[in-house]
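> sequence plus the predicted model coming up.
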Amino acid sequence: MDNNIILLALTLVVLISYVFDLGAKHVRIPSVVLLIGSGILIRIGMDSVGWEIPLVGNLLPVIGTMGLILIVLEGALDLSLTRDKMGIMGRAVASAAIGLAITGFLAACVFHYGLGAEWRMAWLSAVPVAVISSAVAIPAARNLSPKFREFVVYESSISDILGVLLFYALLDGKGGFGFTALFSIGNIIVSTAVGVIFAVALYWLINRIEAHVRFVPMIAGIAMLYAGGKLMGLAPLILVMVMGLILNNTFLLRRIPMFERMHDPEFNVELDAFKHLTAEATFIVRTFFFVLLGYQTLLSDLVSFEVWLYAGLLLICCFLPRPLLVRSFGGGKSLEPLVWFAPRGLITILLFLTIPESQKIANLPGGTLMLLVLMSALLLTVGVLRYGDGKIIEQAEAMPSQAKAAAKPERVESEPTPEATESQDKPAGKEA
């Protein structure tokens, strides 16, 4: 294939994705649905002329992992750890953890009783199904109210992190449930400590480095830290999230005199530039992941009755616990929008690709996972169409007073609590 044609195709994909992203704000259809659909159409078109994209199976895990790092980092850079946010953070963590356990158990039952998989293999395949995809949920949540948007960011990010921890504990662990739980808790504690250390180092770099090119090497360093953490058996998503949270809440560091002296008056400007670069990089990586995911999907895999049967059963497992979870932990009165915000996507595909051939469920119909991702994305579309841009019933009653003051249709200005006002000038935050 001519190099100019390849260049034209790559740039066209980016521009079309940008149009989808802009259009999603108005038609309120998640852009991920349009990207996957575009990938399917590209596959049909290329097959008709005898062309193919080489090494798609090798590219998807690498692009997906980078996308996951950037999405969690971008989400963490939008979150404020002020006292008034502690309640919503705690509820989101509880919802993510309990939802992961319930959905994982239901999906494991489908694999065990429906496909005859032994329990360990059933759980190994069930955990990816149980994880809410932040790669899909966070971009779609921009149409919700600030209160619900924050909950979606926290819940989906924590679901990703806990899901990855549980998955690798099951994949590598040789002990029982108690050993796995203790191993995961220890991982979280160690990973949080390492994340704090590297967040301090990154804070120092942003305050000190004045080179023209500085943020791209920082993102590369974070990706390297993720890979190193994975190799050392840590929880690398915890590292990434802790770094993002501390960078966006430096008033926590500046209570220590040493860090207060380190602080540059221009730090907030530099941090805002870092956020913008992270958002741009996330957009590019996310675009190519979902287009390639659609490209790898064969329509012939989606027409089997068994594929629809098991995808439907897994979809029920994903959404059956949602009403109880959001009623228990969502906060406020009008919680129905949160029921729909439990899509499966990037992290689900990534974890499934990680399962060794010897531990995969051999008789799981091909295309089941892809159909599950598409069906959950369509349900998310229903939620966005019904409740996006001011269609949320009793939104004003469900929102705390500070969130009401901060609510804006496009950009949201972060407001620190009174004790944080003296120690930090908060930069303008973007949408989660």
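Right, received. Where do you want to start?
> in which helix or strand does V152 reside?
Assigned by DSSP states H and E, V152 belongs to helix 146-172.
> now the element after that helix, going C-ward?
Defined by DSSP H and E, the subsequent element after helix 146-172 is helix 177-208.
> how about that following helix: buried residues?
Across helix 177-208, burial judged by 16 or more other C-beta atoms under 10 Å covers 180, 183-184, 187-188, 190-191, 194-196, 198-200, 202-203, 206-207. Just so you know, the C-beta spots here come from the backbone N, C-alpha and C atoms, and that holds for glycine as well.
> which residues in the stretch 201-350 of the chain form helices?
With DSSP state H, counting those that start in this stretch applied, the stretch 201-350 of the chain shows helices at 215-231, 236-248, 257-262, 267-296, 305-319, 322-329, 336-340, 346-354, listed in chain order.
> just put those in CSV and tack on distance to P139, mean pLDDT and mean neighbour count.
Shown next, in CSV, are the helices of the stretch 201-350 of the chain (distance: least, C-beta to C-beta, whole Å; pLDDT from 0 to 100; neighbours: other C-beta atoms under 10 Å):
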stretch, distance to P139, mean pLDDT, mean neighbour count
helix 215-231, 19, 85, 15
helix 236-248, 16, 84, 24
helix 257-262, 33, 76, 12
helix 267-296, 8, 87, 20
helix 305-319, 19, 94, 18
helix 322-329, 20, 88, 18
helix 336-340, 15, 81, 21
helix 346-354, 11, 85, 22
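> as JSON lines, these with distance to I29 would be great.
As requested, the helices of the stretch 201-350 of the chain are exported to JSON lines (distance: least, C-beta to C-beta, whole Å):
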{"stretch": "helix 215-231", "distance to I29": "29"}
{"stretch": "helix 236-248", "distance to I29": "28"}
{"stretch": "helix 257-262", "distance to I29": "44"}
{"stretch": "helix 267-296", "distance to I29": "14"}
{"stretch": "helix 305-319", "distance to I29": "19"}
{"stretch": "helix 322-329", "distance to I29": "21"}
{"stretch": "helix 336-340", "distance to I29": "13"}
{"stretch": "helix 346-354", "distance to I29": "18"}
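> and those helices: which comes nearest V164?
Proximity to V164, assessed across those by C-beta to C-beta, is greatest for helix 236-248 (5.7 Å).
> dump that closest one to CSV, keeping only the CA atoms.
Presented in CSV, the C-alpha positions along helix 236-248 are these (Å, rounded to 0.1, in the frame of the first residue of the first chain):
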residue,chain,number,x,y,z
PRO,A,236,0.2,0.2,38.3
LEU,A,237,-3.2,1.9,37.9
ILE,A,238,-3.1,2.9,41.5
LEU,A,239,0.3,4.6,40.8
VAL,A,240,-1.2,6.5,37.9
MET,A,241,-4.3,7.6,39.8
VAL,A,242,-2.4,8.7,42.9
MET,A,243,-0.1,10.8,40.8
GLY,A,244,-3.0,12.5,39.1
LEU,A,245,-4.8,13.1,42.3
ILE,A,246,-1.8,14.7,44.1
LEU,A,247,-0.9,16.9,41.1
ASN,A,248,-4.4,18.3,41.0
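> elements contacting that helix?
Identification of packing neighbours for helix 236-248 by 3 or more C-beta pairs under 8 Å, 6 or more residues apart in numbering; DSSP states H and E yields helix 56-76, helix 146-172, helix 177-208, helix 215-231, helix 267-296.
> contact partners for the residue nearest to the spatial centre of the chain?
For the chain, the residue nearest the mean C-alpha position is S134 (2.1 Å; C-alpha atoms, centre = their mean). Neighbour list for S134: 68, 71-72, 75, 153, 156-157, 159-160, 347 [criterion: C-beta atoms under 8 Å, 6 or more residues apart in numbering].
> out of the residues you listed, which is nearest to I238?
Distance ranking of these against I238, using C-beta to C-beta, places V72 first at 9.4 Å.
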